[in-house]
Each structure stands twice: as C-alpha cells, then as structure tokens.
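Engineer: test case, fold it:
(2 chains)
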2 protein chains.
Amino acid sequence: MSDAKVRPFLKTLSLQPENQETPISFVPNKRTPYQLFYRRNHFTYPTLTYLNYWLPIRGLVNRPTLFSLSDIYQLPSKSLKVVLECAGDKRSFFDPKVFGEQWEKGAISQGVWKGVSLRTLLELAGLETGAKEVVIEGYDVGKRKDTEEIHRYARSLPIEKALHPDTLIAYECNTQPIPFKHGFPFRLIVPNWYAMASVKWIKQITVIGKHFDGPFQNIDYMYYPHIESIKDAYPVTTINVNSTIQSPQDMEILETGHHLVKGIAWTGKGEIKKVEISTNNGHTWAEAELEQHDNKYGWYTWTYEWVVQKSGEYSILVKATDSFNRVQPERPFWNRKGYGYNAIDNVKVKVE
Amino acid sequence: MSDAKVRPFLKTLSLQPENQETPISFVPNKRTPYQLFYRRNHFTYPTLTYLNYWLPIRGLVNRPTLFSLSDIYQLPSKSLKVVLECAGDKRSFFDPKVFGEQWEKGAISQGVWKGVSLRTLLELAGLETGAKEVVIEGYDVGKRKDTEEIHRYARSLPIEKALHPDTLIAYECNTQPIPFKHGFPFRLIVPNWYAMASVKWIKQITVIGKHFDGPFQNIDYMYYPHIESIKDAYPVTTINVNSTIQSPQDMEILETGHHLVKGIAWTGKGEIKKVEISTNNGHTWAEAELEQHDNKYGWYTWTYEWVVQKSGEYSILVKATDSFNRVQPERPFWNRKGYGYNAIDNVKVKVE
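Structural biologist: The predicted structure is shown next:
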C-alpha cells in the first residue's frame, strides 16, 4: 500500500461539449501524454465510420480527388513537434473578466505530429487560378448558441498558409495514430497559429476563390477590442509570445533556501530568444536558463535557480522575448471574447 | 467511435502530498464516487502492513486494549451519510488572497460511512476519571515547513465529542472498504466538523487528561483573524452554513429560456432550513426548491427554475440558512490561513 499511485488529471471545464485543460504544472515537458492533452470542443464528439472513409479535395482544383486512408499514409510525410494552444488559453486572467470557458494556464499541449503536407495534396489535385483560400471542414457539427442553424466546424486558411510545407494533414501524434478525441483519422496541424485553425476529424477540403465567412472565423476567433461595438475587429491567427511558470504554484508556501523556478515559453513567430525573471515584482530582472533546441514550433523549457534567505512574500514575474523582438506586455490586450492572453506571467509565494 | 466517453476528473493542486479537488459541478449528488472524492493530504501516503494491524486504545483507560480488524468488524455498527469538507474549501475566493492550497469549490465530498462508534471502544476500554481529550493519530507522518522535526498527523477531540455516538471509527465508505487514499483500514469520521478532524489510517487512540497541543490544531486549523498577530486565534471545528451553485458555471454564456439553477447546501449545526436565490445580484430573492431528507449530516440538493427572456449579464447569488438561524454572510470572515469560507455563493452569466 506504500505504492499508492499519485497522478495528475485534466481539469474539467465542461462535459457537453468536452472542454478539459492540461494540468500544466504537473506534465512532463517534452510531449504531453494524450491523457493529459487538453481537450477543446465546440460540439459533442462526431460519429465517424472508417470502413468507408475518404478525404475529398474539391472546389477550384483541376482534379477533384478522393484520397483513401492508405493513399495518405503512402505519401511522403514529415514529423514536427508543435505547440497547440487554444486561443482562449489563460482567459480566466483577464480583468475585467470575459465570458466563455474560464481556461487557466493549461489550454496548451505539445506533441510530435506526423503527416503529409497539405501542399502535397493540393499539388496532386492541382490548384486552379483564382484559388484564394482553402476551407477545411471537420466532422464535428452542432447548434451554436447565437442561431438555430446547424453548423459544421470549418475554418479556412489563406492560400499561402495552406501551401506552407509545414501545414500538415496529420495522422500520428507521438508515434501513435492520433487519439480519437484529438482528430482521428486526420487532423489539420497549422504550426504558429492558435489551435482553432487545427481542425480535427477532417471531412473535406475545398479550394475557394473568395473569403470564407463561416462563424468560427467571422464571429468567434475574432479580436473585438471594444466591449460593445464590433469596430476594429480582426481575426485571431498567430500565437503571441508567451510564457508560463510551472513551479512554484501561485500562493504556494515555501521554505527559505534553494528553489528551482521553472516553466515554458513559446511563440508563433520565430524563436524564443530570452526569458527573464524577476523575484521582486519587477524591480530587477535576471535571465533564466533557456533550453536550446531546433524545433521551430515547440515550446522552450526554462529554469531559474532562486536562492531566498529572507522570509516574506515574493511576486515572481516571467517574460519571454522572441526573435521578432515581441515581448510579453505588462497588461494583456483586453478583447471581448478573451483571446490571445499573453501578459507577463506571475505567481505570488510566501517564504516562511 | 461515437461512444467517446466523456468524464470529469479531479482537479490537481499538488502531487507531493496529493491534494486534488472534486469537480463539484460534475459529480452525482448522492454519493461522491471515490475516484472523484477530494484528496487532501499533509504528507505523502503512509506505508502500512495489514498482516499485523492492531488498533491500540491507551492512556487514561482502565483496560488498555489492542483491537484487531475483526474485533472492530464484529462490534455493533452504524452507517451515516456525512459531508466531509476541508476547512480550506473555497480558500481561493478570499480577498485579500491567502497563501496555501488554492481550493476552489470542490474540497467537499459526501459518502455513506459505516463503522463503530468511538464511544463503544472507549466504553470497552473504560475511561478513567480525569479523561479530558481523546487523541487520534494517523499513520501519515512527515516534516512540516515550520520546523525540522518529524510529525505524525494527530488531532484530539474533547471527551464529549469523542463520546458522541455518531463519531465513528469507520471501515466502509459507500458499502465498500474505505479506499486506501481515504484512510483504509480505519478512518475517524467526525460529523459536523471540518474534515481535518476525520483522521485517516488510524494508528492509535490515546485518552489524555489535558489539552493536546499538536501542530495540526495549535498552529494549523486555527482561525487567525489578524494578518500579523496571533491575537484572538481560536480552533476550527464546526462546519459553517454554506452552499454552492453547481450549475450554471461562473462566466457561462446561456441562451434565453428556461434554465435549472442547481446546487448543494450544508451545515455543521442542525439542518438546512432554507436556500434563497437571487438572479439580480441580490435585489430580490426567491426560495429554491430544497430536497427533504433525514440524513442529519448530509448535504441538501436544491434547484431553481429560472426563466430568462432578456439578454444581458446576470449575477446569480445563493444563500443557505440552517435551523440555528445561521445564514451565509455577504462577505466571508477573512482569516490568515483561509479557513471556513462561507460567503454567499455567486456566479455571473451572460444571456445571449
């Protein structure tokens, strides 16, 4: 009985649809085990039959094509370690608060995704002139609260992003078939963008000659800077430069002595160049030890050896800078739907 | 694949020791399944060997006795439905915030506990005159942050509480042996008191003639009303009258129409007599439908049929009143260690 297993769990936000977040302080840093991979759904899980699964590419293409599962598996593939972060990650920290799922710091996970470049499929089908966007539809479908109509989850990519060789039709995650809840058999993986773009359970791909105006990119996943008006709204795309302190925990009580402050940093633009830490609420800053790696789309782990001799209360702040010189701001960019929170992360601790 | 199972999980606060809270909005209301029963530990799990397990009763008794497992199982038993609530439940809602585990609304669970009255054992051993308190020690042991010494988790009960026939040496929960993490083979169950009193993995029971001053009742589990001084401190005992809204969730977006507002209410003194609800931030109140039952120590479920025609933002408040006329206060009683939070519960929702 001494071997009572202790393990972390997802944090439940809702069950219909299933929205559960990663216990970010308690997961291994390299790959998020799929049981702890955050789950974000717009609808209940879809019903799919795989015996007769085909992936159609249609619209403005020379050769509309139906790909079978094995057609896709036999095409040249690549594997990429990619951070998936929900656009609503950290929403609960906005002040004033915003409505919607109250994600804390765990609407983010990382895995190695293997698949075929969407570009490969588009080239096989042959883009027609006038192709402007590529619409990816999922099998997930349901009623939105703002209308009585039934909608399918669907998103478009501008043609340049669709043709980026790292935009994948993925079929494996962490060397296993993608778990059903994360999009089996095929999930779009759009590195560098918030994960609303990474459509699960792909049903079909359609090349169109105009701007797609589905509600998941013209109503949701828009930044609305004003509380009432829709003025100045613009779409959510690239992940902001960001970081999270995994340890210590907010409001934790520590002893004097050595503590390893640790966490992750990530960006949707270039690489993380620097992570700075303050243990005195921003009066002075020091550089954290930053993991070196060459995964363009993965997060960076960082650590900081903190020696604290004096008891009292401490505010620990962390801010990351990316290679485009984007730095986490002191205050988040407040927007009505609560997307893209990336203010300097902080925890308060008491040393006894 | 349409049967993708969706289930709630405990929320992880820490793993060493294990502290995880019940997803209170997502559990069945009658009994908390043991997988979702909140876990609150002061130390890592103890190592016990059951082959040689004996329960000693010693100290100021006429016949110091070692009870075997089967001795206990063969004594007259009773079953009680009891709410166990951590004294730190809802700590995260204090303002100003207090240090320590940031429990939300889920450091509370309910089960049917079966066992022998502690009184029966004390009568078999025979109390000596001068018996003042009964000390219950657990097998869990470790270092506290405030000292280098090793402490065993131990608590005392005043003799009247120890002799209350509903104070149990429990060995079953929900008709099963108590799960190891919840105190197998024996857990003290002290109805009406916060659950720090309900010592797990009982190692021994000692009757003493003075006040016990272990750190888990003379340092922790004391109300300290002042931020610096220990003036006016007094021990945490009886559960405050309290209630929790399980649905809707805070910051949820709802449609116009009918909604069932639902939750639980409980008290450590008498019964819940009334649950009132306001959907306009306290301007007017109505009575919720309150479950009738005769479990003295269980929680009460309540529901309220809310019809909302007008879109906008609503603050829903709930307050319970018990048969001793204790009512939840508007503001919690702030105390330095953050115990006993029972302010009126509230959620804010947006109706679209």
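
Engineer: contacts, neighbours, all on C-alpha from now
Structural biologist: Noted.

Engineer: next one: A:Ile169 from A:Phe216, what distance?
Structural biologist: Noted for A:Ile169: a distance of 20 Å to A:Phe216, by CA to CA, to the nearest Å.

Engineer: more crowded one of these two?
Structural biologist: Neighbour count, other CA atoms under 10 Å in any protein chain shown: between A:Ile169 and A:Phe216, A:Ile169 has more, with 27 against 18.

Engineer: I'd say that one and A:Val190 touch.
Structural biologist: No: at 9.1 Å, A:Ile169 does not count as touching A:Val190 under the criterion of CA atoms under 8 Å.

Engineer: between these two, what contacts are shared?
Structural biologist: Here A:Ile169 and A:Val190 have no joint contacts, going by CA atoms under 8 Å, 6 or more residues apart in numbering or on different chains.

Engineer: now A:Ser77. Nearest residue, chain neighbours left out?
Structural biologist: Nearest residue to A:Ser77, sequence neighbours excluded (CA to CA, 6 or more residues apart in numbering or on different chains): A:Val116, at 4.6 Å.

Engineer: equivalent analysis for A:Lys337, please.
Structural biologist: Among residues not flanking A:Lys337 along the chain, A:Val98 sits closest, at 6.3 Å (CA to CA, 6+ apart).

Engineer: burial count for the one you found?
Structural biologist: Residues near A:Val98, counting by other CA under 10 Å, number 21.

Engineer: quick one: name the residues of the stretch 151-300 of chain A near chain B.
Structural biologist: Residues of the stretch 151-300 of chain A lying close to chain B (CA under 8 Å from any CA of the partner chain) are A:180-181, A:251-255.

Engineer: quick one: which of those is nearest to B:Lys231?
Structural biologist: Nearest to B:Lys231 among these: A:Ile253, at 22.0 Å, using CA to CA.

Engineer: the closest one and A:Lys350 touch, don't they?
Structural biologist: Yes: the pair A:Ile253 and A:Lys350 qualifies as a contact (CA under 8 Å) at a distance of 4.8 Å.

Engineer: what do the two both touch?
Structural biologist: The contact sets of A:Ile253 and A:Lys350 overlap at B:Phe99 (CA under 8 Å, 6+ apart).

Engineer: what sits against the most centrally placed residue in chain A?
Structural biologist: Central residue of chain A (CA atoms, centre = their mean): A:Glu85, 1.5 Å from the mean position. Counting by CA under 8 Å, 6+ apart, A:Glu85 makes contact with A:107-109, A:194-195, A:239.

Engineer: against A:Phe37, how distant is it?
Structural biologist: 11 Å.

Engineer: shared neighbours, the two?
Structural biologist: Counting by CA under 8 Å, 6+ apart, the shared contacts of A:Glu85 and A:Phe37 are A:108-109.

Engineer: so which elements touch the biggest helix by length in chain A?
Structural biologist: When chain A is parsed with DSSP state H, its longest helix is helix A:118-125. Contacts defined by 3 or more CA pairs under 8 Å, 6 or more residues apart in numbering or on different chains; DSSP states H and E place helix A:118-125 against strand A:54-59, helix A:159-163.

Engineer: hey, which of the ones you listed is tucked in deepest?
Structural biologist: strand A:54-59 (a mean of 19; mean count of other CA atoms under 10 Å in any protein chain shown).

Engineer: next helix or strand past it?
Structural biologist: strand A:65-68 (DSSP states H and E).

Engineer: and the strands in the stretch 1-150 of chain A?
Structural biologist: Assigned by DSSP state E, counting those that start in this stretch, the stretch 1-150 of chain A shows strands spanning A:11-15, A:18-21, A:39-40, A:54-59, A:65-68, A:78-85, A:108-117, A:133-143, A:150-158.

Engineer: take these and write them to CSV, including distance to A:Gly270 and mean pLDDT.
Structural biologist: Compiled in CSV, those are given as follows (distance: least, CA to CA, whole Å; pLDDT from 0 to 100):
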stretch, distance to A:Gly270, mean pLDDT
strand A:11-15, 31, 97
strand A:18-21, 26, 98
strand A:39-40, 26, 98
strand A:54-59, 31, 98
strand A:65-68, 33, 97
strand A:78-85, 13, 98
strand A:108-117, 17, 97
strand A:133-143, 24, 96
strand A:150-158, 20, 97
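
Engineer: export these as TSV, with columns for distance to B:Lys200.
Structural biologist: As requested, those are exported to TSV (distance: least, CA to CA, whole Å):
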stretch	distance to B:Lys200
strand A:11-15	26
strand A:18-21	31
strand A:39-40	35
strand A:54-59	56
strand A:65-68	57
strand A:78-85	40
strand A:108-117	36
strand A:133-143	46
strand A:150-158	49
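
Engineer: now for those, which one comes closest to A:Lys273?
Structural biologist: Going by CA to CA, the one of the strands of the stretch 1-150 of chain A nearest A:Lys273 is strand A:78-85, 16.8 Å.

Engineer: got the CA positions of the closest one in CSV?
Structural biologist: Written as CSV, here are the backbone C-alpha positions of strand A:78-85 (Å, rounded to 0.1, in the frame of the first residue of the first chain):
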residue,chain,number,x,y,z
LYS,A,78,7.2,14.7,-42.0
SER,A,79,7.1,14.9,-38.2
LEU,A,80,7.0,18.2,-36.4
LYS,A,81,7.0,19.0,-32.7
VAL,A,82,4.3,21.6,-32.4
VAL,A,83,2.7,23.5,-29.5
LEU,A,84,-1.1,23.6,-29.8
GLU,A,85,-2.5,26.5,-27.8
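
Engineer: partner strands of it and their direction?
Structural biologist: strand A:108-117 (antiparallel) (DSSP bridges).

Engineer: whatever residue of the stretch 201-350 of chain A ends up closest to chain B - how many residues pack around it?
Structural biologist: Closest residue of the stretch 201-350 of chain A to chain B, CA to the nearest CA: A:Met251 (4.7 Å). If you count neighbours by other CA under 10 Å, A:Met251 ends up with 20.

Engineer: state the pLDDT value of it.
Structural biologist: The model reports A:Met251 with a pLDDT of 98.

Engineer: touching, it and B:Phe99? I think so.
Structural biologist: Yes: counting by CA under 8 Å, B:Phe99 is a contact partner of A:Met251 at 4.7 Å.
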